[in-house]
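Peer 1: How does the following fold in three dimensions:
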Amino acid sequence: MMGEQSVVQEELFYGFSLERHVPSDHLLRAIARFVDLSAIRQHLAPFYSPIGRPSIDPELLIRMLIVGYCFGIRSERRLCEEVHLNLAYRWFCRLGLEGDVPDHSTFSKTRHGRFRDADLLRELFETVVRRCMAEGLVGGERFAVDASMIVADAQRQRGIETAEELKPEAKRAVAEYLATLDDAAFGAATPVEPKFISPVDPAARWTASWGGPAVYAYCTNYLIDVEHAIIVDVEPSTAVRQAEVTAAKTMIERARRARPLAGAADCRYRLRLGRNAELAGARAWDRAAYPGLRQL
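Peer 2: Purely as a prediction, here's the structure:
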């Protein structure tokens, strides 16, 4: 007999467990076992007032950002909507069924405010690396360094030719760019004037990769553990070769302070750093020393 859904009268009392409704093989369950954000309150304490109305819990914001990174949710507005609707996301963020999801504008204000001033994301990244070392996932002896180009959200048609045409009061990105003109990883990386400057995102460099079209882009530089392919350090830079080398030196110095290391790099790094020069206490930069290392 064909069934028919009848009008259901809502119960006055009911029980519901988020824990029971999140599958045991869900990705967030595997991640939650290793997420420990107890130290962020102490790290952020100097950036919050001891009086006044309580703020949004910073741990909640970080957990929501982890959800966005893991599931490719780039929009903060959409991230808030997904956390509001998805039971697994609510469980991971410890919101329960009745917990309020922060407004999307809170993310922008907090990330560009307290989180940036406190360098919180760097602290979280290094905490994860230390945890990987403790679990034996990072050997800490052999590393590879390379860079990837990231296309910026800017259009050539709206570009300008000189920095004098920029208006510092127009956007936060413009003010930040003008403040970093002397930074070796950005404005001072090379004396060559950029061909075009984007007024929307002036820190992005007009550049082209091998065989590709010219675009506005950044570079993300990585220091990678060769044995386990774990990223142990990241340093952004403008998309020019000189800035990539500066970023590589910065990452190596940070890693050397943690433990001795030996490194490998592709030809453009070696030409600028010196083929036989020792850098940051490491062995000579020579690919022949690591025959098992793939072409970077």
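Peer 1: tally of neighbours for V101?
Peer 2: 19 (other Cβ atoms under 10 Å). (Glycine included, C-beta is placed from N, CA and C.)
Peer 1: Now it: closest residue in space that isn't a chain neighbour?
Peer 2: Excluding the flanking residues, the one nearest V101 by Cβ to Cβ, 6 or more residues apart in numbering is H84, at 4.6 Å.
Peer 1: mind exporting the longest helix belonging to the chain as PDB, just the C-alpha atoms?
Peer 2: In the chain, taking DSSP state H as the definition, the longest helix is helix 241-258. Written as PDB, here are the backbone C-alpha positions of helix 241-258 (Å, rounded to 0.1, in the frame of the first residue of the first chain):
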ATOM      1  CA  ARG A 241      62.700  36.100  -8.200                       C
ATOM      2  CA  GLN A 242      64.600  38.400  -5.800                       C
ATOM      3  CA  ALA A 243      61.700  38.300  -3.400                       C
ATOM      4  CA  GLU A 244      61.500  34.500  -3.500                       C
ATOM      5  CA  VAL A 245      65.200  34.200  -2.500                       C
ATOM      6  CA  THR A 246      64.600  36.600   0.400                       C
ATOM      7  CA  ALA A 247      61.600  34.600   1.500                       C
ATOM      8  CA  ALA A 248      63.700  31.400   1.300                       C
ATOM      9  CA  LYS A 249      66.400  32.900   3.500                       C
ATOM     10  CA  THR A 250      63.700  34.000   6.000                       C
ATOM     11  CA  MET A 251      62.200  30.500   6.200                       C
ATOM     12  CA  ILE A 252      65.600  28.800   6.500                       C
ATOM     13  CA  GLU A 253      66.600  31.000   9.400                       C
ATOM     14  CA  ARG A 254      63.400  30.300  11.200                       C
ATOM     15  CA  ALA A 255      63.800  26.600  10.700                       C
ATOM     16  CA  ARG A 256      67.500  26.700  11.700                       C
ATOM     17  CA  ARG A 257      66.600  28.200  15.000                       C
ATOM     18  CA  ALA A 258      64.500  25.100  15.700                       C
END
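Peer 1: Could you shift the numbering so residue one becomes 39, and keep it that way?
Peer 2: Got it, the first residue is 39 from now on, which makes the last one we talked about helix 279-296.
Peer 1: Now do that helix: which elements does it pack against?
Peer 2: With contacts taken as 3 or more Cβ pairs under 8 Å, 6 or more residues apart in numbering; DSSP states H and E, helix 279-296 sits against strand 180-189, strand 253-263, strand 268-276, helix 305-311.
Peer 1: got the domain boundaries for the chain?
Peer 2: Per automatic domain parsing, the structural domains of the chain span 56-161, 177-327.
Peer 1: JSON lines please, covering the ones you listed and showing mean pLDDT.
Peer 2: Shown next, in JSON lines, are the domains of the chain (pLDDT from 0 to 100):
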{"stretch": "domain 56-161", "mean pLDDT": "90"}
{"stretch": "domain 177-327", "mean pLDDT": "70"}
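Peer 1: ok, the residue nearest to the spatial centre of the chain - contacts?
Peer 2: Most central in the chain under Cα atoms, centre = their mean is L159, positioned 7.4 Å from the mean C-alpha point. Neighbour list for L159: F153 [criterion: Cβ atoms under 8 Å, 6 or more residues apart in numbering].
Peer 1: Check which helix or strand it maps to.
Peer 2: Using DSSP states H and E, L159 maps to helix 158-172.
Peer 1: Tell me which residues of that helix come out buried.
Peer 2: Of the residues in helix 158-172, L158, L162, V166, V167, C170, M171 count as buried by neighbour count, 16 or more other Cβ atoms under 10 Å.
Peer 1: Could you tell me the angle between that helix and helix 279-296?
Peer 2: Using axes from the mean of the first three to the mean of the last three Cα atoms, to 10 degrees, the inter-axis angle of helix 158-172 relative to helix 279-296 is 50 degrees.
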